[in-house]
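**Q** Provide a 3D model corresponding to the input given below.
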Amino acid sequence: MTPEIQAKVLLWRARAEAGTLSTEEMKEAILILREGRIGASVASDKSRAKKAAKVILNADDLLKEIGEM
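**A** Model prediction:
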């Protein structure tokens, strides 16, 4: 989260506690926070894909590499 967004979140929290948060501010908060979650989800999916793409060797292949078979 950028410093600007962190500052906005603090402001929104304070206004929500005071009961002065407008509907427009709520919508903006939801959109911005949702963007962050989507970005994190995409990064996580890419990370999972990279890990899954690695070749998993079977035991025989591993033993061949160390000269046991």
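
**Q** where do the helices sit along this protein?
**A** Counting by DSSP state H, the chain has helices at residues 3-18, 23-53, 59-65.

**Q** what mean pLDDT does the shortest one get?
**A** Along helix 59-65, the predicted confidence averages to a pLDDT of 74.

**Q** for it, list the C-alpha coordinates in CSV.
**A** Extracted in CSV, the C-alpha atoms of helix 59-65 (Å, rounded to 0.1, in the frame of the first residue of the first chain):
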residue,chain,number,x,y,z
ALA,A,59,13.0,-41.2,-7.0
ASP,A,60,14.7,-43.2,-9.8
ASP,A,61,15.8,-40.0,-11.6
LEU,A,62,17.2,-38.6,-8.3
LEU,A,63,19.2,-41.8,-7.7
LYS,A,64,20.5,-41.7,-11.2
GLU,A,65,21.8,-38.2,-10.7
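
**Q** CA atoms of stretch 18-32 as PDB?
**A** Extracted C-alpha coordinates of stretch 18-32, given in PDB (Å, rounded to 0.1, in the frame of the first residue of the first chain):
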ATOM      1  CA  ALA A  18     -17.000   9.700  14.000                       C
ATOM      2  CA  GLY A  19     -20.000   8.700  11.800                       C
ATOM      3  CA  THR A  20     -19.000  11.300   9.100                       C
ATOM      4  CA  LEU A  21     -17.800   9.000   6.300                       C
ATOM      5  CA  SER A  22     -19.700   9.800   3.200                       C
ATOM      6  CA  THR A  23     -21.100   7.200   0.800                       C
ATOM      7  CA  GLU A  24     -18.700   8.400  -1.900                       C
ATOM      8  CA  GLU A  25     -15.800   7.900   0.400                       C
ATOM      9  CA  MET A  26     -17.000   4.400   1.300                       C
ATOM     10  CA  LYS A  27     -17.200   3.600  -2.400                       C
ATOM     11  CA  GLU A  28     -13.700   5.000  -3.000                       C
ATOM     12  CA  ALA A  29     -12.300   3.000  -0.100                       C
ATOM     13  CA  ILE A  30     -13.900  -0.200  -1.300                       C
ATOM     14  CA  LEU A  31     -12.600   0.300  -4.900                       C
ATOM     15  CA  ILE A  32      -9.000   1.100  -3.700                       C
END
